[in-house]
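> got a sequence here, can you model it:
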Amino acid sequence: MRFIKTVFMLAVVAAAWGGVWYFYNKGPCDSPITYRIGDFDPKFGVSKADFEADAAQAVSIWDDAFGRQFFKYDPNGTMPINLVYDTRQATVDTNKTLAANVDKTVASADTVKSQFLALKTEYEQAKSEYDALSSQFEAALKSYNDETAYWNSRGGAPMNEYNKLQEERASLETLRTEANDKMLSVNDLARQVNAFVDTYNTLVNSANSDVSKINQSANREFEEGEYISDAGGQRINVYEFDGKTKLVRLLAHEFGHALGLDHNANPQSIMYYLNKGTSLTLTGDDVSALKTACRIK
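The predicted structure is shown next:
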């Protein structure tokens, strides 16, 4: 009886030790990680209900691919998801405004360009007409001067020739006035053309400046959010996103870190280090990594 009792006690101790060992050594895939919505900054412009729904969609990316529950929403869950507004999201919001400005500026520039091309055609036509008038005037003036010099060298022109010269002189004045008016019109068109060029260049430079500012913050590392596991527990911080798809991918990415996954080299993967893709499904690289991490066959 004593032997049997001793064996029984050893079995109880062994079972208890096994429970302690499992508690401290169980992996992230052995039971669902409970999460909740933690700190929530309304400046992102998303409702708490929508944010919770986006988190659930991000969870389903992992759960549905394996037909099991890796995460579970619980208002008292151990892993809070915090929405933290700082300079990163402020930059995203600024870039949205800049992008809208670029679109408007480019549209304005296109309009100015069309107006410029039409005005340039008008200017070129007017310039051609002026050049023709100018040439006609110069030729008529030379003819008049030559005739006047001829008759002056002979002491004066007969009355009929004199009257003819007077008519030519009046015609020259009319032609001169017409040419001058056309020149003024051409100069005015030239000023308008140059003004359109200046306006177009200003718009293009403004658009390029805004694009440059946007590009300065493009293609950064996956600092839109982070998964933290330390003495304070597990938590996910979301710092920036640009639209629902990017937010769901960001959350799915950080959930992947919570499952023990590192970054991979596939730009389309959820676990790629940049949030470049648009797909809301796992790639083969994501699936393979989780199978390894969770010892799933």
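> can you list the low-confidence ranges for this structure?
Within the chain, the stretches with pLDDT under 70 are 1-27, 89, 217-222.
> which residues of it fall in strands?
Secondary structure of the chain (DSSP state E): strands at 33-40, 71-73, 79-83, 225-230, 233-238.
> tally of neighbours for the residue nearest to Leu282 when sequence neighbours are not counted?
Nearest residue to Leu282, sequence neighbours excluded (C-beta to C-beta, 6 or more residues apart in numbering): Ala65, at 4.9 Å. Placement of C-beta: from N, CA and C, glycine included. Neighbours of Ala65 under the rule other C-beta atoms under 10 Å: 15.
> could you report the separation of Ala65 from Ser288?
The gap separating Ala65 from Ser288 is 11 Å, by C-beta to C-beta, to the nearest Å.
> and if you look at Thr148?
101 Å.
> quick one: which of these two has more around it?
Thr148 (16 against 12).
> check contacts around the closest residue to that one other than its chain neighbours.
Residue nearest to Thr148 in three dimensions, not counting chain neighbours: Leu165, with 6.2 Å by C-beta to C-beta, 6+ apart. Each residue near Leu165 by C-beta atoms under 8 Å, 6 or more residues apart in numbering is listed here: Tyr144, Glu147, Thr148, Trp151, Ala157.
> please redo it, this time with the cut-off set to 7 Å
Tyr144, Glu147, Thr148, Ala157 (C-beta atoms under 7 Å, 6 or more residues apart in numbering).
> mind listing the helices for the stretch 151-297 of the chain?
159-216, 244-258, 284-294 (DSSP state H, counting those that start in this stretch).
> how about the ones you listed, which one is nearest Lys276?
helix 244-258 (9.3 Å; C-beta to C-beta).
> and the closest one, which residues are buried?
Neighbour-count burial for helix 244-258 flags 245-258 (criterion: 16 or more other C-beta atoms under 10 Å).
> what two of those residues have the greatest distance between them?
Going by C-beta to C-beta, the pair spanning the buried residues of helix 244-258 furthest: Thr245 and Ala258, at 20.4 Å.
> returning to that earlier point: what would the strands of the chain look like in TSV with mean neighbour count and distance to Leu280?
Below are those laid out as TSV (neighbours: other C-beta atoms under 10 Å; distance: least, C-beta to C-beta, whole Å):
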stretch	mean neighbour count	distance to Leu280
strand 33-40	17	18
strand 71-73	17	16
strand 79-83	20	18
strand 225-230	15	16
strand 233-238	19	17
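> so what's the residue positioned nearest the centre of the chain up against?
Nearest to the mean C-alpha position of the chain, by C-alpha atoms, centre = their mean, lies Ala99 at 5.5 Å. By C-beta under 7 Å, 6+ apart, the residues touching Ala99 are Ile214.
> run the last query once more with 10 Å
Going by C-beta atoms under 10 Å, 6 or more residues apart in numbering, Ala99 touches Asp210, Val211, Ile214, Asp242.
> returning to that earlier point: export the helices of the stretch 151-297 of the chain to a markdown table and tack on distance to Gln136?
Converted to a markdown table, the helices of the stretch 151-297 of the chain look like this (distance: least, C-beta to C-beta, whole Å):
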| stretch | distance to Gln136 |
| --- | --- |
| helix 159-216 | 6 |
| helix 244-258 | 68 |
| helix 284-294 | 79 |
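> nearest to Pro32, out of these?
helix 244-258 (11.0 Å).
> re the thing from before, buried deepest among the helices of the stretch 151-297 of the chain, which one?
helix 244-258 (a mean of 22; mean count of other C-beta atoms under 10 Å).
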